[in-house]
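**Q** Just need the structure, nothing else, for what follows:
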Amino acid sequence: MTGILHAWKIDSNGEATPAALDDFDDPLKEGYYWYHFNRDDPATQALFDADERVDVIATRTLLASDTRPRTMLRGKDVLINLRGVNLNPGEEPEDMIPLRFFIQQGRVISCNSRSLKAVGDMVERLESQTVSKTPGGFIASFALAIIERMAPTITDLNEQVDDLEQLIEGTDRHRHDQARPKVAELRREAIMLRRYLAPQKDALISLSQQQLPWINADDQLRLRDAADQATRVAEELDAVRERCAIVKDQLTDLRAEEMNQNMMILSVVAAVFLPLGLLSGMMGINVGGMPWVDSDMGFWYVTAIISIIGVALMGLFKILRWI
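**A** This is a model prediction of the structure:
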């Protein structure tokens, strides 16, 4: 059974020991097994097909290429899909990795196709300490491990937004141009992460409400706690998205203000040179009666008049606070 990546037996005291691979179809009366599979291994489907306790719908759901977080009740069995951030080197965190569970009395089956840090966290926990005595509590612990792995990503997003807010302070146009594409990227990441967290919260709440022999009152509380943690992270992502929207509005306002200033400068220049152009144009027409035509100082008289008018206009615009 090469498709199995992890196999553990958890007894009625919460003590975990490695499980024998040939015990896969042998349910426990006290405690439970946890088997984690590689979804892409052909041996995984062959094993599911050979097990009478894993029906066709369960197999199809466990091996689906892409799934949204949800909970499906099938008698006393439950299918639940969760998602965790992608912390693999060179990957984007918002490309969340699906993790599928099929939970039965005495057995928990999970599978995914890419490495997920939360799976490693659970293996380390099984090796070093006691865990929940029931499958319901085990799923709650798994959900909390997934949320804990999201915390650094959320913190990093908040810090990047802080950096953006500092970057747009002042009037440095180059810094503003650097901030614009970054704002869009951060907003996209927050939206992609939240896209799966909201239904994940609903899936955990739905599981906590099920009256099943392998979910006790304590498990229900822990599942609700995991749902609350998912809600908190979703709210933080909403805050990141809203802060990005505020930064974007500020950048838009700064660009509009910059354009208004440029238009004001052009308007002032046009207002100054319009009367001067009119005066110089009138002095340049080739008709009789023009003053200083025969004077050697005529050009300088016109230049002085234009300069005086220009200075007077600039002073007037200064008083009107146009410049």
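**Q** burial count for Phe17?
**A** Rather than Phe, residue 17 is Thr. 11 (other CB atoms under 10 Å). Placement of C-beta: from N, CA and C, glycine included.
**Q** Can you check the pLDDT for it?
**A** The model reports Thr17 with a pLDDT of 89.
**Q** where along this protein do the strands fall?
**A** Chain-ordered strands for the chain, with DSSP state E as the definition, fall at 4-10, 16-18, 32-38, 70-74, 77-84, 97-104, 107-112.
**Q** what packs against the second one?
**A** To tie it back to what came earlier, the one meant is strand 16-18. Using 3 or more CB pairs under 8 Å, 6 or more residues apart in numbering; DSSP states H and E, the elements in contact with strand 16-18 are strand 4-10.
**Q** Tabulate the CA atom coordinates of the strand it packs on in PDB.
**A** What follows is strand 4-10 as a C-alpha-only set of coordinates in PDB (Å, rounded to 0.1, in the frame of the first residue of the first chain):
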ATOM      1  CA  ILE A   4      -0.100   5.700   2.600                       C
ATOM      2  CA  LEU A   5       2.100   8.500   3.800                       C
ATOM      3  CA  HIS A   6       1.300   8.300   7.500                       C
ATOM      4  CA  ALA A   7      -0.400   5.500   9.600                       C
ATOM      5  CA  TRP A   8      -1.100   5.900  13.300                       C
ATOM      6  CA  LYS A   9      -3.100   4.100  15.900                       C
ATOM      7  CA  ILE A  10      -4.500   6.200  18.700                       C
END
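**Q** Which strands or helices does it pack on?
**A** Looks like strand 4-10 contacts strand 16-18, strand 32-38, helix 117-128 (3+ CB pairs under 8 Å, 6+ apart).
**Q** Could you rerun that using 6 Å?
**A** strand 16-18, strand 32-38 (3 or more CB pairs under 6 Å, 6 or more residues apart in numbering; DSSP states H and E).
**Q** Mind checking the pLDDT average for the longest one?
**A** The reference is to strand 32-38. What strand 32-38 shows for mean pLDDT is 92.
**Q** Tell me where the stretch 51-200 of the chain has helices.
**A** 56-62, 117-128, 135-167, 173-208 (DSSP state H, counting those that start in this stretch).
**Q** got the buried residues for stretch 110-127?
**A** 110-113, 116-119, 121-123, 126 (16 or more other CB atoms under 10 Å).
**Q** sorry, back to before: out of the helices and strands packed on strand 4-10, the one nearest Ala217 is which?
**A** Nearest of the helices and strands packed on strand 4-10 to Ala217, taken as CB to CB: strand 32-38 at 17.9 Å.
**Q** mind checking pLDDT for Arg195?
**A** On the pLDDT scale, Arg195 gets 87.
**Q** if we can go back for a sec, could you dump the helices of the stretch 51-200 of the chain into a markdown table and include distance to Tyr33?
**A** Conversion of these to a markdown table gives the following (distance: least, CB to CB, whole Å):
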| stretch | distance to Tyr33 |
| --- | --- |
| helix 56-62 | 15 |
| helix 117-128 | 12 |
| helix 135-167 | 9 |
| helix 173-208 | 19 |
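**Q** so which of those helices gets nearest Gly75?
**A** From the helices of the stretch 51-200 of the chain, taking CB to CB, the stretch that ends up closest is helix 56-62, at 11.0 Å.
**Q** which stretch among the helices of the stretch 51-200 of the chain comes nearest Leu28?
**A** Minimum separation from Leu28 across those (CB to CB) falls at helix 135-167, 10.2 Å.
**Q** what comes up buried for that closest one?
**A** Within helix 135-167, judged by 16+ other CB under 10 Å, the buried ones are 135-147, 149-150, 153-154, 157-158, 160-161, 164, 167.
**Q** Can you pull the poorly scored residue ranges out of this structure?
**A** 1-2, 22-23, 25-27, 170-175, 286-288, 322-323 (pLDDT under 70).
**Q** domains of it?
**A** 4-254, 260-319 (automatic domain parsing).
**Q** Distance from the longest helix seen in the chain to the middle of the chain?
**A** In the chain, with assignment by DSSP state H, the single longest helix is helix 217-283. Centre-to-centre, helix 217-283 and its host chain are 20 Å apart (CA atoms, centre = their mean, to the nearest Å).
**Q** before we move on, what about stretch 274-291?
**A** That offset, for stretch 274-291, works out to 66 Å (CA atoms, centre = their mean).
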